Structure formats: C-alpha cells, structure tokens
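1. the sequence and its predicted three-dimensional model are supplied below.
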Amino acid sequence: MELEHVSKRCGDIQVIENVSVAVPEGHIIGLVGENGVGKTTLLKLLAGILHPDEGSIRMDSGKISYLLREQDLYPWMKVKDTVCYYTDFYPDFRLEQAISLLEEAGIELHRKVKKLSDGNKQRLCLILAVCRQVPYYLLDEPVKSTDPNFKKDFKKYLLRNLPEKATVILATHLLKDLETLFDTVMVMGNRRIKMIEAEQIRENYNISVGEYCAREMNAMNA
Ligand SMILES: Nc1ncnc2c1ncn2[C@@H]1O[C@H](COP(=O)(O)OP(=O)(O)OP(=O)(O)O)[C@@H](O)[C@H]1O
C-alpha cells in the first residue's frame, strides 16, 4: 500500500499536497493529527472511497476492511440481519467469530440496530470490520464511543481478533489509551504526513509515542 505524490482538496481546502508514503506491512499504525487535518480523507483515499486529484495510490480495495461509522448502519435492521448482510457481501467474513464477539459484548442478535446504545453501535461496526479476513484494516476512531475498560483492553482485542500479519491504520485522538498499540505513527499536519516507528521514537528521543505526537503536531501546525 503506497501513496505517490498524492494531493487532495476537499471543497476549498487543500488537505494533502504531494504526499508520498509507503505503509509498512504488518504494522499497527497510529494516524494522528488535529481536528480537520485530513485523517478521514486519507483513510478514504486508501480505501478507494475518494480519489486523489494528483498522484497515485497503489492498493487493492478488495483486500481492505474499512470501519463503518454508526450512521452507516441500517437502523431498521436487526443485528442478526446486519451480520448476515455482511456474510453475503463479503466471502472473507468470519461469521462464527462475529457471533462470539457480539455475545462477548452483550449485543443481542434480535435487537434492532436503532435500539442499540451509541457505544454498542460502535462495537457492532468494529465487529463487522475485524471479522473480515483481509490483509489491511482501516479504522477511523474505532473506540471513540466505547467505555473506558474497552479502550484500555483494545490492544488485546485487536491482537486477538485480527490475522497475525495484518496491517492496521488507526486514526485516533486517544493517544493516552492507544499509544502502546502502535508500531509506527503517521502524524498529519499542514498538508503533510510524517511517519516514524515507535521504537525509533523511544530510542532517539526518549519520550513516549504520545508525547512525540503532541510535539510534532504542534511543530507541523506552527
Ligand atoms: N465533503 C466535504 N466538503 C468540503 N470539505 C470537506 C468535506 N469533507 C471534509 N472536508 C474538509 O476537509 C478537511 C479534512 O477533513 P477530515 O474529516 O479528513 O479531517 P480529520 O482529520 O479526520 O478530522 P477529525 O479529527 O475532526 O475527525 C476538513 O477541513 C474538512 O472540513
């Protein structure tokens, strides 16, 4: 998965400009940056939902699982039908695993999606995303509405449920909760992306990943 000299405008805003990045395979990558900096836009470009104005993106959208937002779910459907819909649509969807994760989350199969709490709608979206068996997962703020315990255990949850060599790009503002999850971080700011491995941050700067990201975000937007 690779971006070469990619530029993208949204409305009258130049979100990214001439960005080239090769996504490291098998890494869990934290995508961070201030509100409105372009994290969702980048994930949509990678998923093939948006197209670059200039440059090219090398990826195979059939191999990508993209996390739905709660409002993308059909509210009138039952949880069971939502899962069956996914099973019909994606041959790589692991139904048994989804049923087991729904049970673990206490989400009943016969409940209508619109009757779920916001946090459980997000858990359902997450279950739909992680139960696809693909090499790439694009997760935009996957734990925003979930409870503190789930956020705390999210690293274990991902490692337990994704294929061993999966590549994950995860956009978040929750650096305190998630920083230990990342092998690499991409910091976005001022139309650019800076990528660095977590190990390199600890060795070269002797600060936490979260502290590094906060520092870089300030520097990029100064
Ligand atoms: N459909 C659109 N039309 C016009 N401008 C848009 C559209 N979608 C996004 N933008 C603008 O593009 C920029 C990047 O938005 P994006 O949602 O990618 O940011 P983000 O980093 O994900 O933000 P947040 O952290 O707040 O979720 C923002 O300035 C936003 O206002």
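-> Thanks, I have the structure now. This one's a predicted model, so the numbers in the text were calculated from it and none came from an experiment.

2. pLDDT on the helix or strand hosting Leu31, on average?
-> Take DSSP states H and E as the rule and Leu31 turns out to sit in strand 28-32. Averaged over strand 28-32, pLDDT sits at 95.

3. ok, and what's touching it?
-> For strand 28-32, contacts defined as CB atoms under 8 Å, 6 or more residues apart in numbering pick out 23, 39, 42-43, 158, 167-173, 175, 178-179, 181-188, 195, 209, 213, 217. Backbone N, C-alpha and C define where each C-beta goes, glycine included.

4. given that strand, what are its sheet partners and their directions?
-> Counting by DSSP bridges, the strands paired with strand 28-32 are strand 167-171 (parallel), strand 184-189 (parallel).

5. which residues touch the longest one?
-> Residues outside strand 184-189 that contact it (CB under 8 Å, 6+ apart): 16, 21, 24, 27-34, 37-39, 42, 169, 193-198, 201, 209, 212-213, 216-217, 219-221.

6. just the first one next, same as before
-> Outside of strand 167-171, the residues that reach it under the criterion CB under 8 Å, 6+ apart are 1, 23-32, 39-40, 43, 46, 135-142, 158, 162, 178, 181-182, 186.

7. ok, back up a step: could the strands paired with strand 28-32 go into TSV alongside mean neighbour count, mean pLDDT and distance to the ligand?
-> Listed next are those as TSV, based on neighbours: other CB atoms under 10 Å; pLDDT from 0 to 100; distance: least, CB to the nearest ligand atom, whole Å:
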stretch	mean neighbour count	mean pLDDT	distance to the ligand
strand 167-171	23	96	6
strand 184-189	22	94	7
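
8. can you redo those as CSV with distance to Gly55?
-> Below are these laid out as CSV (distance: least, CB to CB, whole Å):
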stretch, distance to Gly55
strand 167-171, 18
strand 184-189, 16
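
9. and those: which comes nearest Thr146?
-> Closest to Thr146 of the strands paired with strand 28-32, according to CB to CB: strand 167-171, at 13.5 Å.

10. the residue nearest to the spatial centre of the chain: what secondary structure?
-> For the chain, the residue nearest the mean C-alpha position is Leu139 (1.5 Å; CA atoms, centre = their mean). Assigned by DSSP: H, G, I helix; E, B strand; the rest coil, the conformation of Leu139 is strand.

11. cool, and the one 10 residues further on?
-> Secondary structure of Asn149, reduced to three states by three-state DSSP: helix.
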